[in-house]
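Chemist: give me the fold of what follows.
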Amino acid sequence: MENAAKALQFAAGLLITLLIISALVYGYSRLSEIKQIEQDNERDQQSADFNLQYEVYNRSGVYGSELLSLANKIGDYNIKQADEQGYQEVSLSITLTPPIGAQVYTNTTYDADSITQCYDTLAEKIRTANETIKGKSISYWAGSSSEVRTTFNDTTSPTLQQMTEKIRNYNSLVSERDDISRLTFKCTKVEYDENNGRIISMKFEEE
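Modeler: Just a heads-up that it's a prediction; the model follows:
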């Protein structure tokens, strides 16, 4: 009888131990699930916040000047954050018709890097073309045709013909810059990372 009582006490103790262990395992499992849910929610919120800065371009009527800003944003992200944080880079595709007489934007398709390079190249060409002659910049002379004719002739340096060509070249470069900025585009495709929901690709076509 005494052995049976001890056996019952042992069994009861073992059962309680098993119940405690089960409760601890269940509690740990629930805690892990809660932590995972919190991490998933945080990741989803981060993805939503990340996408928000790009989703504003997911529309029609996007100006070329806005796409240049987007290209800069994507370029900075790909260089400074994507690699460091382990996320996939964002790609950008822009299709447009080159302006008539374009010197820089002569292609029809650009990515973030190439359209940014074109912008920088054109800005440098404009700066170089806007040289100072007789104490005044080409941009000044371009707005005063009557003064150009009274200041320059066939014997001056530069000559009237040379000055006219300098102004024409400057105006052409400025027009190209302005034409690109005023073009309107439509976002035709957006792709998302299957793993985290972040935008990884955007495509724009001229309207």
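Chemist: when you work out contacts or count neighbours from here on, use the C-alpha atoms and nothing else.
Modeler: Will do.
Chemist: so residue 141 is in which element?
Modeler: Per DSSP states H and E, residue 141 falls inside helix 138-142.
Chemist: now do the strands in the protein.
Modeler: With DSSP state E as the criterion, the chain has strands at 62-63, 91-95, 109-110, 132-133, 136-137, 184-192, 199-206.
Chemist: dihedrals phi and psi, residue 183?
Modeler: phi -60, psi 150 (degrees, to the nearest 10).
Chemist: count the residues that sit near the residue nearest to it when sequence neighbours are not counted.
Modeler: Sequence neighbours aside, residue 64 is the residue nearest to residue 183 in space, at 5.2 Å (criterion: CA to CA, 6 or more residues apart in numbering). Neighbour count for residue 64, taken as other CA atoms under 10 Å: 21.
Chemist: next one, pLDDT for residue 64 please.
Modeler: Residue 64 is assigned 98 on the pLDDT scale.
Chemist: how about low-confidence regions in the protein?
Modeler: Within the chain, the ranges that satisfy pLDDT under 70 run 1-8, 10-11, 27-44, 83.
Chemist: domains of it?
Modeler: Split into domains by automatic domain parsing, the chain comes to 2-96+183-206, 109-182.
Chemist: give the contact list for the residue nearest the centre of the chain.
Modeler: Nearest residue to the geometric centre of the chain (CA atoms, centre = their mean): residue 74, 2.4 Å. Listed by CA atoms under 8 Å, 6 or more residues apart in numbering, the contact set of residue 74 reads 90, 91, 92, 112.
Chemist: just the closest of those to residue 148, please.
Modeler: Checking those against residue 148 by CA to CA gives residue 112 as the nearest, at 40.3 Å.
Chemist: how many other residues sit next to that closest one?
Modeler: The number of residues packed near residue 112 is 22, by other CA under 10 Å.
Chemist: surely it meets residue 93?
Modeler: Yes - using CA atoms under 8 Å, residue 112 makes contact with residue 93 at a distance of 7.2 Å.
Chemist: who touches the helix holding residue 141?
Modeler: Helix 138-142 is contacted from outside by 129, 130, 131, 132, 147, 148, 166, 167, 170, 171, using CA under 8 Å, 6+ apart.
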